[in-house]
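Visitor: coordinates only, sequence not included:
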Ligand code: GDP
């Protein structure tokens, strides 16, 4: 929790300072409630959640004095209620050999890094892991994945830059099946510039995966960069249309005051949130827990 708090400190201090300033010597009158709603919207929590929180406070505490601690408690409770239904660990099904995770998201969102961190976690749990370097557009992505492979003891299946991503995915799964690996994670290129191409590429990857295992991919993990705020919301909408996203990872919560966007996305999409990234290091990936996140974010 300490690490998570430290990681989320920029989100929580932005919201926290505003809350502290708001509540100093003030009653919960119309003006304060309106200001509170604005602060919550500004913290990227989403209009729906901001309105619900202020309405609850208006109903329970209108024109009464409220202190900092009480306000934060109510906020944390409401945020936790939004997040609780979506907080789900990434569960590896041991009956699948391998469990196939397709990792999608825009360039720079943190896909390769998240794959590396997850590989380390799965390896620690004693699982065998294969990584498919399916972001064949960027030589750096392929290299980075190979480095994660070396660090974690995961097998990396890669081809040269510019090769066909679906062929790579096919090969990665084939090798993983032959080796009876527990998990295979397939990286992808996230070029949003051309949505038709992106859709065609991801569809093709899914199609070749299903040729070998019609129940796969078992997870389609969308990686979102928290620093992009509302853009992360738009990306969720686009990727849900482009491929069947089954769950979310949100990265870079350490580098932003916009962590509240996770609450807005949860409220709007209801997709499982599996893990959150709070740094570049191998241990900076946490399972997502509603109560911890809610408490960390209100400061
Ligand atoms: P990809 O293009 O989606 O594969 O993104 P990368 O995995 O290459 O990540 C892009 C950059 O973001 C790299 O410099 C990563 O080290 C960095 N990054 C990824 N996750 C996090 C995180 O949780 N926190 C921080 N601060 N940086 C991150």
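Guide: Okay, I see it. Computed from a predicted model, the values in this text were never measured in an experiment.
Visitor: what does this structure have sitting close to the ligand?
Guide: For the chain, the residues in contact with the ligand (Cβ under 6 Å from any ligand atom) are 105, 107-113, 141, 144, 190, 223, 251-252, 254-255, 277-280, 284. In short, each C-beta sits where N, CA and C put it, glycine included.
Visitor: which of those count as buried?
Guide: If you count burial by 16 or more other Cβ atoms under 10 Å, the buried members of the residues of the chain next to the ligand come out as 105, 109-113, 141, 144, 190, 223, 251-252, 254-255, 277-279, 284.
Visitor: I'd like to know which elements the helix or strand encompassing residue 58 is packed against.
Guide: Assignment of secondary structure by DSSP states H and E places residue 58 within helix 47-61. With contacts defined as 3 or more Cβ pairs under 8 Å, 6 or more residues apart in numbering; DSSP states H and E, the packing partners of helix 47-61 are helix 30-42, helix 68-83, helix 261-269.
Visitor: how much does the helix or strand following the shortest one deviate in direction from helix 261-269?
Guide: Moving toward the C-terminus from helix 261-269, the next helix or strand (DSSP H and E) is strand 273-277. Angular relation of strand 273-277 and helix 261-269 on a 0 to 180 degree scale: 160 degrees, by axes from the mean of the first three to the mean of the last three Cα atoms, to 10 degrees.
Visitor: partners of the following helix or strand past strand 273-277, with directions?
Guide: The helix or strand immediately downstream of strand 273-277 is strand 285-287, counting by DSSP H and E. As defined by DSSP bridges, the strand partners of strand 285-287 come to strand 273-277 (antiparallel).
Visitor: and the contacts of the partner strand?
Guide: The contact list for strand 273-277 (Cβ atoms under 8 Å, 6 or more residues apart in numbering) reads 83, 86-90, 110, 113-114, 117-118, 221, 247-254, 262, 266, 284-288, 293.
Visitor: just the ones in helices from the residues of the chain next to the ligand, please.
Guide: When DSSP state H defines the helices, the subset of the residues of the chain next to the ligand inside them is 111, 112, 113, 141, 144.
Visitor: output the lowest mean pLDDT helix or strand found in this structure.
Guide: Among the secondary structure pieces of the chain, namely its helices and strands, helix 2-7 has the lowest mean (mean pLDDT, DSSP states H and E), a mean of 73.
Visitor: what residues sit buried inside that helix?
Guide: By neighbour count on 16+ other Cβ under 10 Å, the buried set for helix 2-7 is 4, 7.
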